[in-house]
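A.B. asks: dropping the sequence and predicted coords here.
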Amino acid sequence: QTVGTMVGHRDYSFASAWHPDGRTFATGNQDKTCRVWDARHLSSPIAILKGNLGATRSIRFSSDGQYMVVAEPADFVHVYSTKADYRKRQEIDFFGEISGVSLSPDDECMYIGIWDRTYASLLQYNRKHQYHYLDSYF
């Protein structure tokens, strides 16, 4: 039984992920877009996020729900701020085929798997914190 229909993607989808709030989810597609949806209103997406090179292959939300990580098949990983309605993003640009992306349970680290016959690797990125209370000492 069909519960709802989403219209917008123009090709096959490869990835999806649920936000911790249980109402929001994202889909990644061959049409080079990642679309964010509210399960209560499927008539149109909340956001349409465009990739640089290819299909969205991997999507992860942070456990606190503040960030969404989107990986393309090669070279690019995007980190979006969900609090800024997906308008703020950081782009990680490197050279290599991406096998997947993951976040640590405490959201302190992001891991990007690189698939390459010669240089297969796992990249680790640590979250940067700004401790403004230390500014009072200077």
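C.D. replies: Received it, and whenever you're ready, just let me know what you need.
A.B. asks: now stretch 30-46: mean pLDDT?
C.D. replies: If you average the pLDDT over stretch 30-46, you get 90.
A.B. asks: for stretch 50-64, same thing?
C.D. replies: Averaged over stretch 50-64, pLDDT sits at 91.
A.B. asks: where in the protein is pLDDT low?
C.D. replies: Scanning the chain for pLDDT under 70 picks out 4-6, 9-10, 12, 131-138.
A.B. asks: select the longest strand from it.
C.D. replies: Secondary structure assigned by DSSP state E gives strand 89-103 as the longest strand of the chain.
A.B. asks: now do the residue nearest to Asn52 when sequence neighbours are not counted against Asp21, distance only.
C.D. replies: Of all residues not flanking Asn52 in the chain, Phe76 sits nearest, at 5.0 Å (C-beta to C-beta, 6 or more residues apart in numbering). Quick note: C-beta positions are derived from backbone N, CA and C, even for glycine. For Phe76, the distance to Asp21 under the criterion C-beta to C-beta, to the nearest Å works out to 26 Å.
A.B. asks: with neighbour numbers in mind, choose between these two.
C.D. replies: Phe76 (17 against 12; other C-beta atoms under 10 Å).
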